[in-house]
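# Here's my sequence, what's the structure:
(one chain, ligands or ions: 1)
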Amino acid sequence: MRSYRPLIAIAALAAGWSLAQPQKDTAVPPYKDPKLAVEARVSDLLHRMTLDEKVAMLAGSGWMESQPIERLGIPAIKMADGPVGVRAWFGSSAVTNAATTPRIASTAFPAGIAMAATWDPDMVAQVAKALGQEVKALGRDMILGPTVNIARQPLWGRNFEGYGEDPYLASRLVVAYIKGVQGEGVIPSVKHFAANNQEFERHRIDEKIDERTLHEIYFPAFEAAVKEAGVWSVMSAYNKVNGIYCAENPYLLHDVLKKQWGFKGFVISDWGSTYSTAATVNAGMDLEMPGGEPMKAWLARRQTQADGNGAGWLTPDKVLPAVQSGQISAAAVDDNVSRILRVMFTAGLFDKPHAGGGAVDTPDQKTVARTAAAESIVLLKNDGDLLPIAKSVHSLAVIGPNAAVARTGGGGSSLVRPNYAVTPLDGIRERAGNAMQVTYSQGVSIPGEDASKDSASARARLRQDAAAVAARSDAAIVIVGNAPSVESEGFDRKTLSLPEGQDELIAAVAKANKDTIVVINAGSPVAMDPWIGQVPAVLSMWYGGQEGGHAIASVLFGDFTPSGKLPVTFPARIEDTPAYGHYPGENLHTEYAEGIYVGYRHYDRASIAPLFPFGHGLSYTKFDYSDLKITPDKVGPGRRVQVSMTLKNSGQRAGAEVVQLYLHQAKASADRPPEELKGFRRVMLLAGQSQTVTFTLDPRAMSFYSVAKHAWVAEPSVFDAMIGASSRDIRLKGSFELTAR
Ligand code: BGC
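Prediction:
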């Protein structure tokens, strides 16, 4: 039997006795008792800590470790990026990419944008569970993800990491992710709070964003993570919001996150995003990262400073004097430390440390990665039902810079090194077997990857070869898109266009073979106007992780009926995009002048026809929408409305449809968008099968954020409920009235 004395210690605490001096007690203290409530453990431990020990915990001890306190047996929180696979934790990219650094391999799951294209919270939950298992298996405690920043404009280098342009879609998915990871006793960190929507000058840019826009567009995914999933950690962003760095922004961290939403976990800084001591602690930023010697070495590099990183502000030599001079209160330090400890106890880090040595990339995890990748693929165009590939096709040309290379993710801190990755070409060859002749031609290379192929004449030669291969094949598949050198954390894309030479390649192949299928392997919208009219079929496979090659083959050959839908609008031209003219800002300032009109809200209001609308995605089967019912059709304040309909698979094969519910408030004291997503459901149906799909609209779904009241308000009005297969393919429409009483 263990001999601890929890009751005595709790009584001591209740009586207000201070236990702040180092203890020499050999009995096991209450905070080590897993059966004791978390809050009691936190308060017991806090009372045993000296001020020095508490202050030490406010900054990291290494690149990805928090400060352990050995005297009390407080372990370090061991972190890793995030968000779609476990990445090496030994240092900045310069360190992890070095040949001498040990290799950490884990499953590369599809990128965030691909997960969003599944519109399937259950799938996201499965991926998140697998991620949690791998984090533990590798001996880490925390994964730095998910990224939920909204795709404000298509050039942002990290659009591929996030869940797209709509706050409701992002909210549903982040809740699934957080629950999946936390269910494994692993700490997620929803990032980057808030409004990290561009890489251009990300360390210095000051974004002017109005209160309503923050609450309606940029906050909801974080709010849902806190309120619905009880997320354990939130990462602050690099940028400034309304003049103040996010890591020292009291409005964001204290007023909204902690007070309004009731966040109980800890805020962690993004790596190198702090610029002050007292202001940062007082705003409610709990744990500064990175720390220790790795931080010092990194900060000393000229490039780190030139980029505008800030670090080393919450080290004891800076915090202690600020406490002693009264700039930081002891209560503020206690609050920060309590939050870190609360999460550590809740996650079980004291009781069941993650020793590592477990299996990663298990058969189950690979299956999850493959299914998620298949679900994410969006069939954008399929004239004459060219797809799935017909039995009459005996020879296939597989062409393009992304055909024989597995582009599993975009660049930066999210890029995972998997044990293996299936290229589209390998996936197609494996599926085609001996029955079909598959011929590969690169067609063009990604600029910078092979200097010998970057000249105009080399491109012309490659293109000619590809066109010749296409001409002698029954059909051609051109796999184009971006690469980590084009689409990455750290910089924005310069243009919506595909990398040099790809438009010309597609046009040349399409001319050589009328049955040309284009597959886009990229994490954000790309311009297609130079060739979209010349090709019958187009798919987006995003960055599908290590199983992307198998997934795209299964869709091309019809083993998997495509069901993905666009989580972002694909614009026809950059000039049409919401933030055009307000991005990237001038003199380190940018105004979010488009306000709440982000994504389809903008295209709808401005009556701009996008290339492909938000929510769009075709299938190999056919779905009929009928029997819209709205009950009740008049409802008082605070009540819910049920919207139901019947979905029938009237086609020839099994498949899933993502049914989408949009709402519009007919009359309001504030400007309301023509439609806003308020419900969706991915429904799998066999050929001929029907199902009733029911949505519940709660008061929040009917509300807008009132700046006058600083709160969400549902005003009496008629509301139009629109159900469709995309934001521009509404099949059923009805209405209900929210009455004043
Ligand atoms: C990124 C974060 C990442 C962190 C640690 C930062 O540069 O913005 O998303 O988690 O580095 O690698």
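
# Which residues are in contact with S269?
The contact partners of S269, by Cβ atoms under 8 Å, 6 or more residues apart in numbering, come to 235-236, 247, 280, 285, 287-289. C-beta here means a position set from N, CA and C on the backbone, and glycine is covered the same way.

# Actually, V378.
By Cβ under 8 Å, 6+ apart, the neighbours of V378 are 117, 539-540, 562, 564-566, 616-617.

# Could you rerun that using 7 Å?
117, 539-540, 562, 564-566, 617 (Cβ atoms under 7 Å, 6 or more residues apart in numbering).

# Can you name the two of the contacts of S269 that sit furthest apart?
Pairwise distances across the contacts of S269 peak at 14.0 Å for M235 and T280 (criterion: Cβ to Cβ).

# Who has more neighbours out of these two?
Just comparing M235 and T280: by other Cβ atoms under 10 Å the higher neighbour count belongs to T280, 29 against 25.

# May I have the residues that are in contact with that one?
With the criterion set at Cβ under 7 Å, 6+ apart, T280 makes contact with 247-248, 274, 313-314.

# Confirm it sits in a helix?
Yes - counting by DSSP: H, G, I helix; E, B strand; the rest coil, T280 is located in a helix.

# Apart from its chain neighbours, what residue comes closest to it?
E248 (4.5 Å; Cβ to Cβ, 6 or more residues apart in numbering).

# what does S706 give?
V713 (4.2 Å).

# hey, what's that neighbour bridged with?
For V713, the beta-bridge partners under DSSP bridges are F704.

# tally of neighbours for it?
Neighbours of V713 (other Cβ under 10 Å): 15.

# What distance do you get for it to R741?
As judged by Cβ to Cβ, to the nearest Å, V713 and R741 stand 15 Å apart.

# now W531
Distance, W531 to R741, by Cβ to Cβ: 58 Å.

# same deal with F557?
58 Å.

# One more: L51?
Taking Cβ to Cβ, one finds L51 at 56 Å from R741.

# Which one's more surrounded, these two?
For the pair L51 and R741, the greater number of neighbours falls to L51 (16 against 5), based on other Cβ under 10 Å.

# so what's that one up against?
L51 sits next to V323 when contact means Cβ under 7 Å, 6+ apart.

# Kindly report the same for E715.
So E715 contacts 668-669 (Cβ under 7 Å, 6+ apart).

# That one is in what secondary structure piece?
For E715, there is no host helix or strand (DSSP states H and E).

# Need phi/psi at it.
When quoted as degrees, to the nearest 10, the phi and psi of E715 stand at phi -90, psi 150.

# ok so, going back, looking at the contacts of V378, which are in strands?
Among those, DSSP state E puts 539-540 in strands.

# quick one: which of the contacts of V378 is nearest to the ligand?
If you rank those by distance to the ligand using Cβ to the nearest ligand atom, A117 comes first, at 21.0 Å.

# Identify the residue of the stretch 551-700 of the chain closest to the ligand, quick one.
P584 (17.2 Å).

# residues touching that residue, list them.
Here P584 is in contact with 198, 200-201, 492, 590 (Cβ under 7 Å, 6+ apart).

# Out of those, the closest to the ligand would be?
Q198 (12.5 Å).

# and the closest one, how many neighbours does it have?
Residues near Q198, counting by other Cβ under 10 Å: 24.

# Kindly report the same for the one 5 residues further on.
Neighbourhood size, H203 [other Cβ under 10 Å]: 20.

# Where does it sit: helix, strand or coil?
H203 - assigned by three-state DSSP - is coil.

# Which residues are in contact with it?
Residues near H203 by Cβ under 7 Å, 6+ apart: 238, 307-309.

# show me where the stretch 351-500 of the chain has helices.
Remark: helices assigned in the stretch 351-500 of the chain by DSSP state H, counting those that start in this stretch are 363-376, 424-432, 456-471.
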